[in-house]
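Colleague: Show me how the following folds:
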Amino acid sequence: MRVFPDTRDSSTDVSAERAETCEMTLIMRALPCKAVILGLVWPALAAAEASPLPQSAPESPAVTTFAPPGSSPASPAGPPAPNAASGHDAPSAEAAVATYLAARRWLDAAGRGEPVPTPADVHAAAVVLRVRGRTVGIGKALAEGRTPAPVDAALRAALEDAFSRRAVKGAERAAEFPRTVTLELELAGPRQPLIGRTFEEVARSVEPGECGLVMADGSRTAYEPASVLLARRMASPVSRAVLSLVTDLGLPPRDLPELQELGGATAIYASRSIRIAQGAPDAMPFVLARAVPALQSEPARAGEAARLAAGVIARLSAQLQPPSPAEGLPDDAAAQIARTGLRGDYAIAADRYEPFAAGPAEQALCAWALARASTVASWPAPVRAQARDAALRVLAALQDTDPTERPTAAEPAAVAYALLAAADLGGDAHDRLAAQLVPTLASLATPAALASVRPHVRAAVLDAAAARAAAGAVLLERAALERLLDETLAETPAAELPLVAPIVFDALRRLLGDAWAAAAAPHRDRLEAARTVLLATQVRPDDGTRPASLADMDGAYPMAGSAAGRISAQSLRSQLFVAMLAGQPAWRAPMRDGEDRASLRWAVRFVAQLAAPGSIAYCAPTPERAVGGILASPADAAQPVAAQAVAILALAESEAALERLSEPVPGQFGPNP
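Modeller: Numbering: from 1, shown residues only. Coordinates of the predicted model:
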């Protein structure tokens with residue numbers, strides 16, 4: 001370990017230590033007897049000190065924070081999440097607070113001084129050091145063998161890692177460097193065996209990023225903390241983390257039974273923990289669930305859908321603005337960037353778009369979602385105007401594609417979504433694009449072409465044909481179009497109904513108006529079965545038995561088979577399906593309405609959980625590019641383009657559904673609650 005000279009006055013250290021001791025006493029007195037992992041705060045102080053985000057950014061969620069002396073706020077505070085009391089053998093909250101403050105004090109002392117003690121209930125520790133959101137050092141340690149004090153070992157390993165990466169140069173700067181980093185500290189309790197005959201079964205037993213993983217093979221062990229897996233985007237799928245453990249132990253790439261047959265004693269364990277991070281070296285720390293802090297576990301309130309949509313729309317709109325002269329780009333480069341439209345999927349920690357420009361299908365889907373948002377009468381006029389302007393800009397980019405881009409007409413989904421956006425915007429500002437794409441749409445609407453594309457693309461093509469028909473430009477005879485829509489619903493596998501049915505519903509709505517649900521009546525049994533499964537499996541608050549790291553799941557509709565895990569932004573597609581069915585006059589009943597209303601409010605809560613809050617700055621080199629955008633999952637700090645579009649559509653339809661559900665049920669007097 002490098003020894004750094006302590007440049008601070010010793011009396012300052014003593015007074016600071018006394019201040020922290022007093023503050024710790026206040027924190028512990030404020031905690032209930034059974035401290036909850038997400039309740040490490042006195043809300044009054046945190047709320048008084050919290051700095052609001054700029055008005056253009058979405059409001060940050062209520063997260064759990066605590067403040068060391070002299071700190072400046074980084075994230076708004078709020079009451080603890082009520083269902084996060086069970087840590088499942090994670091270390092105690094009191095010990096975590098004390099240890100974090102001691103670790104921060106050790107860094108502020110330039111990495112010099114007494115070792116940071118490890119609480120008795122901590123069996124492993126991990127440290128991630130960052131500078132302005134970018135990871136510069138990682139350390140991890142298990143409390144075994146020659147490492148009885150894993151907290152101190154992890155801190156020193158992380159600092160050494162930062163120096164080995166040449167994150168800082170020069171002796172003078174080296175002395176100051178530890179004070180300039182932000183600290184994420186993970187403290188884990190005793191490891192717990194994970195049961196499974198194969199690695200795949202073991203991986204299915206935990207959610208991505210739910211806990212750290214330990215693999216033992218005889219006397220050798222390998223440890224992958226949750227904080228490190230999440231920082232490296234290796235948490236999802238869990239199989240990636242398992243493979244990393246196998247590699248770390250130098251084992252052959254075999255499955256669990258084969259390794260055991262070779263004479264090994266291979267086993268995998270969960271390492272459940274509490275993680276604390278901060279957005280700046282002097283900022284208030286906060287407790288993380290997985291990628292971000294958990295919101296309060298309660299259904300969304302009125303106006304939440306509009307607020308969330310405004311954040312997504314603002315983020316997409318910002319990508320479409322021309323580069324400022326301050327960026328110093330040549331004129332031709334700035335013009336080329338403007339022509340490319342929306343950026344690709346955003347990897348927050350890497351501060352990189354992958355690819356730089358989104359593909360035509362994703363851009364067209366966003367254009368349709370933005371156009372749809374511009375028509376939601378209950379949303380604020382500035383939000384609708386911004387959505388309309390952004391939609392027009394995306395359509396302009398799709399019309400005049402850059403030579404390096406794939407032409408819009410080359411992708412059937414892009415053709416359909418772009419024409420749907422044009423139809424919802426109205427007017428003639430995009431007639432040239434429509435003229436380019438309508439011939440392609442006509443060729444896609446033939447039986448042979450429809451049979452060659454996936455069900456959701458087929459539905460989109462038929463929806464675009466319905467939009468043309470509603471505008472008086474018939475591509476297919478009305479009877480033939482309705483028959484094809486009916487066949488699409490009938491032939492779609494049950495597992496794909498939440499993806500395909502909403503697009504078919506939109507097409508029927510364009511053709512039949514508010515009476516569209518009657519046309520779907522022949523498929524009501526299948527649709528009702530899909531709805532029943534979604535509502536029955538939607539994640540709701542539990543009795544406190546769920547690990548605190550999974551407090552970010554409430555409101556999600558689990559989706560099997562997703563690479564991002566069961567709980568991800570794929571939930572938004574199910575939300576769109578539930579919302580479009582909810583409150584349809586022919587299918588309403590008081591009990592059903594209550595189920596739909598509750599389900600949608602919880603679903604909007606999960607959208608809020610996926611919306612990147614201001615506290616994302618802890619792992620974001622350029623947080624303004626991320627705030628308000630929708631994460632791929634609670635365990636993946638990336639923002640897929642398609643997720644932004646589906647979120648807007650789901651929020652718009654949820655808003656409309658909740659308005660329908662507030663109206664009286666036929667035969668019932670008075671409004672619904």
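Colleague: if you take the average position of the chain, which residue is closest to it?
Modeller: Central residue of the chain (C-alpha atoms, centre = their mean): Leu631, 2.5 Å from the mean position.
Colleague: Make sure that residue is actually in contact with Ala637.
Modeller: Yes - Leu631 is in contact with Ala637 according to C-beta atoms under 8 Å; the separation is 6.2 Å. All C-beta spots, glycine's among them, are computed from the backbone N, C-alpha and C.
Colleague: Between those two, which contacts overlap?
Modeller: Ala291, Val292, Ala612 (C-beta atoms under 8 Å, 6 or more residues apart in numbering).
Colleague: check contacts around the first one.
Modeller: The neighbours of Ala291, taking C-beta under 8 Å, 6+ apart as the test, are Gly209, Leu230, Cys619, Leu631, Ser633, Pro634, Ala635, Asp636, Ala637.
Colleague: Could I get the pLDDT score of it?
Modeller: For Ala291, the model assigns a pLDDT of 97.
Colleague: Which of the three states applies to it?
Modeller: At Ala291 the chain is in coil, as set by DSSP: H, G, I helix; E, B strand; the rest coil.
Colleague: List the residues that contact the nearest residue in space to it that is not next to it in sequence.
Modeller: Leaving aside its chain neighbours, Ala291 sits nearest to Ala637 (4.5 Å; criterion: C-beta to C-beta, 6 or more residues apart in numbering). Listed by C-beta under 8 Å, 6+ apart, the contact partners of Ala637 are 230, 233, 291-292, 347-349, 612, 616, 619-620, 626, 631.
Colleague: what ranges do the strands span in the stretch 301-450 of the chain?
Modeller: 343-347, 352-357 (DSSP state E, counting those that start in this stretch).
Colleague: Kindly apply the preceding question to the stretch 501-650 of the chain instead.
Modeller: According to DSSP E, counting those that start in this stretch, the strands that the stretch 501-650 of the chain contains are 638-639.
Colleague: where in it is pLDDT low?
Modeller: Applying pLDDT under 70 to the stretch 501-650 of the chain flags the ranges 561-564.
Colleague: of the shared contacts of Leu631 and Ala637, closest to Leu475?
Modeller: Ala612 (40.3 Å; C-beta to C-beta).
Colleague: need the contact list for that closest one.
Modeller: So Ala612 contacts Val292, Ile348, Ala620, Ala626, Val627, Gly628, Gly629, Ile630, Leu631, Ala637, Gln639 (C-beta under 8 Å, 6+ apart).
Colleague: now do Ala518
Modeller: Leu512, Ala586.
Colleague: separation between Ala501 and Ala579?
Modeller: Here Ala501 is placed at a distance of 12 Å from Ala579 (C-beta to C-beta, to the nearest Å).
Colleague: send the alpha carbons of the helix or strand where Tyr269 lies over as CSV?
Modeller: Using DSSP states H and E, Tyr269 maps to strand 266-271. Provided in CSV are the C-alpha atoms of strand 266-271 (Å, rounded to 0.1, in the frame of the first residue of the first chain):
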residue,chain,number,x,y,z
THR,A,266,-17.7,-27.0,-6.7
ALA,A,267,-20.5,-25.0,-5.1
ILE,A,268,-22.0,-21.5,-5.6
TYR,A,269,-23.2,-19.2,-2.8
ALA,A,270,-25.2,-16.0,-2.6
SER,A,271,-23.5,-13.1,-0.9
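Colleague: And the contacts of the following helix or strand past that strand?
Modeller: Per DSSP H and E, the first helix or strand lying C-terminal to strand 266-271 is strand 273-277. Here strand 273-277 makes contact (C-beta under 8 Å, 6+ apart) with 37, 40, 87, 90-91, 93, 96, 100, 124, 126, 128, 182-189, 211-212, 225-227, 285-288, 548-549, 618-619.
Colleague: where in the stretch 251-400 of the chain is pLDDT low?
Modeller: Low-confidence segments of the stretch 251-400 of the chain (pLDDT under 70): 324-329, 331, 333-334.
Colleague: contacting residues around Ile616?
Modeller: Applying C-beta under 8 Å, 6+ apart, the residues near Ile616 are Val292, Ile348, Pro623, Ala626, Val627, Ala637.
Colleague: give me that answer again for 10 Å
Modeller: Each residue near Ile616 by C-beta atoms under 10 Å, 6 or more residues apart in numbering is listed here: 60, 75, 133, 279, 291-293, 348-349, 623, 625-629, 631, 637.
Colleague: What of Ala347?
Modeller: So Ala347 contacts Arg233, Tyr353, Glu354, Ala626, Ala632, Asp636, Ala637, Ala638, Gln639 (C-beta under 10 Å, 6+ apart).
Colleague: I'd like to know how many residues surround the fifth one.
Modeller: Right, the one you point to is Ala632. Ala632: 27 surrounding residues under other C-beta atoms under 10 Å.
Colleague: Nearest to Glu653 among the contacts of Ala612?
Modeller: For the contacts of Ala612, the minimum distance to Glu653 (C-beta to C-beta) is 15.6 Å, reached by Ile630.
Colleague: ok, what's across the strand from that closest one?
Modeller: Beta bridges link Ile630 to Ala611, judged by DSSP bridges.
Colleague: Any idea how many residues pack against it?
Modeller: 27.
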